[in-house]
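Asks: structure for the following, please:
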Amino acid sequence: QALVESMPEMKAAQSQLEKLQKTYDTAIKDMAKEFEAKVKQYGAEETTKTQEENAKRVEEVQGMERNISAYRQQALQDLQKKEVDIYQPILEKARTAIQKVARAKGFQYVLDSATGNGVILADGFDLLMDVKKELGI
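Replies: Okay, here's the model as predicted:
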């Protein structure tokens, strides 16, 4: 994890994801403002409209609410997919560098030091600096 986080590609990927997240957040906020304005407007005009008009307005507002919810759900799915698409090549590059360094040093196994990913012996060799060197970071 420390290796991947120190890779320049990771910083660029995080920046790209943050930008996309902000784009979705802005769109959702705009939709919510429009929704709130309609609710306020329709609430104020409710007594001057017929029951039929009010029923149509209720349907319209409910439709807007469903659209916001659907957009929010789709945005979340898009972000998750984009995250996988962006991070996968970075993780693969790190994995390849780890394998190259480990083979060059004659290691048969390399355990991930991230919590829960394997046991690391106290006297084990830390490849992090060698792998960073291989990646040029």
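Asks: what's the host helix or strand of residue 33 packed up against?
Replies: For residue 33, the enclosing helix or strand under DSSP states H and E is helix 8-45. Counting contacts by 3 or more C-beta pairs under 8 Å, 6 or more residues apart in numbering; DSSP states H and E, helix 8-45 packs against helix 51-104. C-beta here means a position set from N, CA and C on the backbone, and glycine is covered the same way.
Asks: the inter-axis angle of the helix it packs on versus helix 8-45?
Replies: Counting by axes from the mean of the first three to the mean of the last three C-alpha atoms, to 10 degrees, helix 51-104 lies at 170 degrees to helix 8-45.
Asks: if we can go back for a sec, distance from the chain centre to the helix holding residue 33, please.
Replies: Between the centre of helix 8-45 and the centre of its chain there are 15 Å (C-alpha atoms, centre = their mean, to the nearest Å).
Asks: quick one: buried residues of that helix?
Replies: 9-10, 13, 20, 24, 31, 42 (16 or more other C-beta atoms under 10 Å).
Asks: what's the farthest-apart pair in the residues you listed?
Replies: Using C-beta to C-beta, the pair of these lying farthest apart is 9 and 42, separated by 49.4 Å.
Asks: residue 17 contacts residue 86, doesn't it?
Replies: Yes: using C-beta atoms under 8 Å, residue 17 is in contact with residue 86, at 6.6 Å.
Asks: could you look up the SS state of residue 107?
Replies: Recorded secondary structure, residue 107: coil (DSSP: H, G, I helix; E, B strand; the rest coil).
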